[in-house]
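A.B. asks: Structure for this input, please:
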Amino acid sequence: MIRDTDKMQLRVIQPEVYPPPDRTDLFKKFPWLSKLAKMRAYPNVLVIPNLVMFWIFLLAGIFGSPAGNRNIMIVFIWILWWFGLITVLVPLGSRSWCTMCPLPFFGDLVQRRAVTYVRKGNSAGTRNQLFGKLRVWPKKLSNIWLQNIGFLCLASFSAHLVTRPMATVLMLGGLIVIATITGYLYRQRVFCNYICPVGGFLSLYSMTSTVELRSRDKNVCKKCTSKACVAGSDKGWGCPWIIYMGKLERNNYCGMCTECVKSCPSDNISLFWRPFCSDKILKGYDEIWKAFIMLVLAMAYSIVLLGPFGKIKDWANIGEVGNYKGFAIYVSILWFAALIALPAVYYVAIRLGRGFASKGLEATGDGAAPSMKDLFIRYGYTLVPLGLMAWIAFSFPLMMVSGSYIISIISDPLGRGWNLFGTGEFPWTPFHPDWMAYIQIPCLMFGLFYSLKCGHELALDLWKDNRRAVTSIIPLAILLTLVTIAFLRMYTG
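C.D. replies: Residues are numbered from 1 along each chain as shown. From the prediction side, this is the model:
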C-alpha cells in the first residue's frame, strides 16, 4: 500500500467513465508506440541527446560570438526550438517537451542514482529506493504562482535574452542548478511541478492538446491495490509528478514521462488522440492568472520584437540601450497589464454577464446564479485557445524572417567564420514575409472561434439554460473579440 499519502499532495479529481467515444487509443492503433513507452531507455534516448545539445549551446554562448544572429544558442533556442514548441509540440503533443527536457536530468540522477534501471525499495511513499533529503514541498507553494512570477521576470528581459548569448547562458545554467538542488532536497520533480517557468505555460496550453496519457478503464484502477502508477514498482519509478492515473482528467500536470505505463501491472494506461481543447476546467486563481499573463505577454512580445514601435523597443532592450528609466516604465506597464488591468477588465465583463443572465432568476424558481468565483475561474478557460493561437501567430514571423540563420549557423556555430558543412556563407533570406498576415489572421480567428465555443459550453454547464448561458458570456465575447482585433491590428497594420 502507498504510505505517507497525506504528504504526497496527489493531484486528483473525480473519476469518470473513460475513454470517451471520441478518443482513439494510439497504443492499440500503433503497437510500436506502446513498446517504445515501455522501454527502460525511454525517455532518456531523447533526454541525453538534448542534454548534449544543451551543453554545446552553453559552450557556444560562453565562447561564441556575442552577436545573437551569429551564435547557435540564440538561433536554435529562440527561433527553432521556440517555433517547434509552440506551433507543434504543445498543440499536438501536450507536455511532450517535458518528456525530453534536459533540465531535470541531474536532479533525477541525484535522486535515483540511476539512468535506465529502476531501484526497488521503500522511499518517500514509493516502492523505489530514492536518495537525497526527500523533503515535502510546502503546501502553500503547491501551485504555479512561482512559475507565473518566474515567467514574468524572464519575459521582462526578453529583448535581452533573445539577443545576448551570455544572458541565455546564465538563465539556462541557473535553471539546471536549481533543478539539481531541488532534486536533492525534495522528493520527485518539485522543479518541474512548481518552479520551472516554461512548465507553467506548458501546463496551461497542454489543455488544448490533441493527445493525452490516461488510464483505459477507471474500474480497473479502482480495483488496483498496488497503485503502481504513483507508487512505482520494480518496472518503473513512482510518478515524478505525483499523479494517480485513476483520477486524472487534465493534461496540466502530466509530464508524459511514461513511468506509469511501465509500472502499471494491468497494462491499463495508454496514449489517446482526442479533439482539440478537450480539457476545459481551470482549477484555481494561479491557473487563470497564468492565462492573463500569457495573453498579455503575447501582445508585449509582438510589440517589442515585431512591431514598429522604436521607443518601446528601446525601453525593453535594457542591455543594449541602457535606458533604465524607460525599462522601469516598460516593466511596470507589463506587470500591471498582466496582473491587474486585464484581470480587472475580465472581472467587469464576467460581472456584467452574470447580472444580465441572473435577472428574474429567483422569480422563475430556477435557483441561484453561479457564484462570481465559479464564473471567474471557469470562464478563464476562454483565454486559453485565443492565447495559444496568439502565440502561434507571433511565432510564425520569427521563423519566416529569421529562420534562414539556421542554415548558416550550422556551419559556423560560434560565429568564428567557419564553414563546416558548406553553408556558412548562406545569406539572410526571409521566407515570404508578405505571407505572414495570411497565416496570422486564420490563427487568431481559429483561436477566437474555439474561445467562444468553449465559453458557450462552460456557460451552459454553469447556468443549465441556453438563454442565460448565452446572455452571461456576451460581455466576455465582446472582450475576446476586442483582444483579437487588437492582435489583428498589430499584425496587419
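A.B. asks: so where's the chain shaky on pLDDT?
C.D. replies: 1-18, 362-367 (pLDDT under 70).
A.B. asks: If we ignore the residues flanking it in sequence, what's nearest the residue most central in space within it?
C.D. replies: By CA atoms, centre = their mean, the chain has its centre lying nearest to residue 202, at 0.7 Å. In space, and not counting its chain neighbours, residue 202 is closest to residue 95: 5.1 Å by CB to CB, 6 or more residues apart in numbering. For the C-beta atoms, the positions are set from N, CA and C on the backbone; glycine is no exception.
A.B. asks: Surely that neighbour is in contact with residue 258?
C.D. replies: No - in this structure, residue 95 is not within contact of residue 258 by CB atoms under 8 Å, at 11.9 Å.
A.B. asks: Look up which helix or strand the residue nearest to the centre of the chain falls in, please.
C.D. replies: Applying DSSP states H and E as the criterion places residue 202 in helix 197-205.
A.B. asks: Now do the same for residue 429: helix, strand or coil?
C.D. replies: Here residue 429 is recorded as coil under DSSP: H, G, I helix; E, B strand; the rest coil.
A.B. asks: show me where the stretch 201-350 of the chain has strands.
C.D. replies: 211-215, 269-273 (DSSP state E, counting those that start in this stretch).
A.B. asks: Please work out which of the ones you listed is packed deepest.
C.D. replies: Comparing these by mean neighbour count (mean count of other CB atoms under 10 Å), strand 211-215 comes out on top with a mean of 24.
A.B. asks: orientation of that strand relative to strand 269-273 in degrees?
C.D. replies: Orientation of strand 211-215 against strand 269-273 (axes from the mean of the first three to the mean of the last three CA atoms, to 10 degrees) gives an angle of 150 degrees.
A.B. asks: what does strand 211-215 rub up against?
C.D. replies: With contacts defined as CB atoms under 8 Å, 6 or more residues apart in numbering, strand 211-215 is touched by 18-19, 23, 26, 92-94, 96, 221, 229, 245-246, 248-249, 251, 254, 256, 258, 260-261, 264, 268-274, 278-279.
A.B. asks: Could you write me a ChimeraX select line covering just the buried ones among those residues?
C.D. replies: Here is the ChimeraX command that selects the buried residues among the contacts of strand 211-215 (16 or more other CB atoms under 10 Å):
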select :18,19,23,26,93,94,96,221,229,245,246,248,249,251,254,256,258,260,261,264,268,269,270,271,272,274,278,279
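A.B. asks: out of the contacts of strand 211-215, which are inside helices?
C.D. replies: Using DSSP state H, 26, 92-93, 96, 221, 229, 260-261 are the members of the contacts of strand 211-215 that sit in helices.
A.B. asks: Look up how far residue 191 lies from the residue nearest to the centre of the chain.
C.D. replies: Distance, residue 202 to residue 191, using CB to CB, to the nearest Å: 13 Å.
A.B. asks: Kindly report the same for residue 297.
C.D. replies: Taking CB to CB, one finds residue 297 at 22 Å from residue 191.
A.B. asks: So this structure: which segments form each domain?
C.D. replies: Structural domains annotated on the chain: 5-273, 293-492, as defined by automatic domain parsing.
A.B. asks: on that earlier part again, quick one, what contacts the residue nearest to residue 202?
C.D. replies: By CB under 8 Å, 6+ apart, residue 95 lies in contact with 202-203, 206, 209, 251, 254-256.
A.B. asks: how far does stretch 280-288 stretch from start to finish?
C.D. replies: Stretch 280-288 has its terminal residues 12 Å apart, counting by CA to CA, to the nearest Å.
A.B. asks: Give the buried residues for that stretch.
C.D. replies: Buried residues in stretch 280-288 (16+ other CB under 10 Å): 280-282, 286-288.
A.B. asks: Which of these fall within helices?
C.D. replies: 286-288.
A.B. asks: CSV for those residues, including distance to residue 454?
C.D. replies: Listed next are these as CSV, based on distance: CB to CB, whole Å:
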residue, distance to residue 454
286, 20
287, 15
288, 14
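A.B. asks: of the residues you listed, closest to residue 303?
C.D. replies: residue 288 (23.4 Å; CB to CB).
A.B. asks: coming back round to it: the buried residues of stretch 280-288: which two are farthest apart?
C.D. replies: 280 and 286 (17.2 Å).
A.B. asks: now do the same end-to-end measure for stretch 360-372.
C.D. replies: Stretch 360-372 end-to-end distance (CA to CA) = 17 Å.
A.B. asks: Oops, could you answer that again for stretch 379-388 instead?
C.D. replies: 16 Å.
A.B. asks: Turn the strands of the stretch 201-350 of the chain into JSON lines, including distance to residue 492.
C.D. replies: As requested, the strands of the stretch 201-350 of the chain are arranged in JSON lines below (distance: least, CB to CB, whole Å):
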{"stretch": "strand 211-215", "distance to residue 492": "33"}
{"stretch": "strand 269-273", "distance to residue 492": "34"}
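A.B. asks: Quick one, which of the ones you listed gets closest to residue 360.
C.D. replies: Using CB to CB, the strands of the stretch 201-350 of the chain put strand 211-215 closest to residue 360, at 40.8 Å.
A.B. asks: can you list contacts of stretch 175-187?
C.D. replies: 54, 102-104, 106-111, 124-125, 130, 132-137, 189-192, 195-197.
A.B. asks: Please list only the buried members of those.
C.D. replies: The buried subset of the contacts of stretch 175-187 - by 16+ other CB under 10 Å - is 54, 102-104, 106-108, 110-111, 124-125, 130, 132, 134, 136-137, 189-192, 195-197.
A.B. asks: So which of those sit within helices?
C.D. replies: 54, 106-108, 110-111, 190, 197.
A.B. asks: circling back: ok, the residue nearest to residue 202 to residue 132 distance?
C.D. replies: Residue 95 is 24 Å from residue 132, by CB to CB.
A.B. asks: Many thanks, have a good one.
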